[in-house]
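[1] No sequence on hand, only this structure:
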């Protein structure tokens with residue numbers, strides 16, 4: 001087993017602002033609910049492949065960025081210690097739901113980020129995963145973008161951040177809290193991982 005996949009389901013259930021606006025019935029969805037469900041489904045699907053999967057943010061509380069990156073880098077160092085530096089694949093994927101404001105808006109679609117000064121491997125991973133997300137969800141393609149996000153900058157492996165829809169766009173908010181859409185997103189990202197890492 002020479003393939004290491006590190007997953008990040010971000011934010012806690014009590015993280016301020018990380019939720020949809022109120023629906024007509026007064027309910028709302030925490031971003032954490034979506035992120036966590038997608039990561040759990042990804043872990044389930046990845047079990048049949050030759051890979052080691054680690055989750056850096058299992059706790060319900062908000063885990064600091066520095067802690068998540070430190071955990072990811074420690075997992076990588078331990079993996080290298082076991083297998084050596086040659087012939088190993090390692091990636092980091094952070095799962096998110098997007099938002100423009102605390103009120104309902106019109107921005108919608110899916111986008112995937114990689115570090116603006118990152119490696120060609122991160123760019124390739126972002127392209128492959130973004131393509132699969134659009135194929136599986138049929139949502140608007142907002143494309144692959146660059147950003148200097150902390151988790152992309154401070155992790156020592158190819159890293160991407162997936163924004164799987166807008167919590168403040170009501171049609172996508174409804175999707176984000178549905179089991180079917182969460183499985184679609186997880187399946188798409190796993191397909192991208194399998195294609196990128198050439199998993200058996």
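    Nice, thanks for sending it over. If you're wondering where the values come from, they're calculated on a predicted model, not measured in any experiment.

[2] biggest strand in the protein by residues?
    strand 89-98 (DSSP state E).

[3] from the middle of its chain, how far away would it be?
    3 Å (C-alpha atoms, centre = their mean, to the nearest Å).

[4] Residue 110 and residue 103, how far apart?
    Distance of residue 110 to residue 103, given as C-beta to C-beta, to the nearest Å: 21 Å. Using the backbone N, CA and C atoms, a C-beta is placed for each residue, glycine as well.

[5] Between these two, tell me which one has more neighbours.
    residue 110 (25 against 9; other C-beta atoms under 10 Å).

[6] can I assume that one is in contact with residue 141?
    Yes. Between residue 110 and residue 141 a contact is recorded at 6.8 Å, counting by C-beta atoms under 8 Å.

[7] Next, show the common contact partners of the two.
    Shared contacts of residue 110 and residue 141, defined by C-beta atoms under 8 Å, 6 or more residues apart in numbering, comprise 130, 134.

[8] residue contacts, residue 122?
    By C-beta under 8 Å, 6+ apart, the neighbours of residue 122 are 114, 115, 152, 158, 159, 160.

[9] circling back: against which helices or strands is the longest strand of the chain packed?
    Packed against strand 89-98 by the contact rule (3 or more C-beta pairs under 8 Å, 6 or more residues apart in numbering; DSSP states H and E) you find strand 3-9, helix 31-46, helix 65-83, helix 150-153, strand 159-166, helix 179-197.
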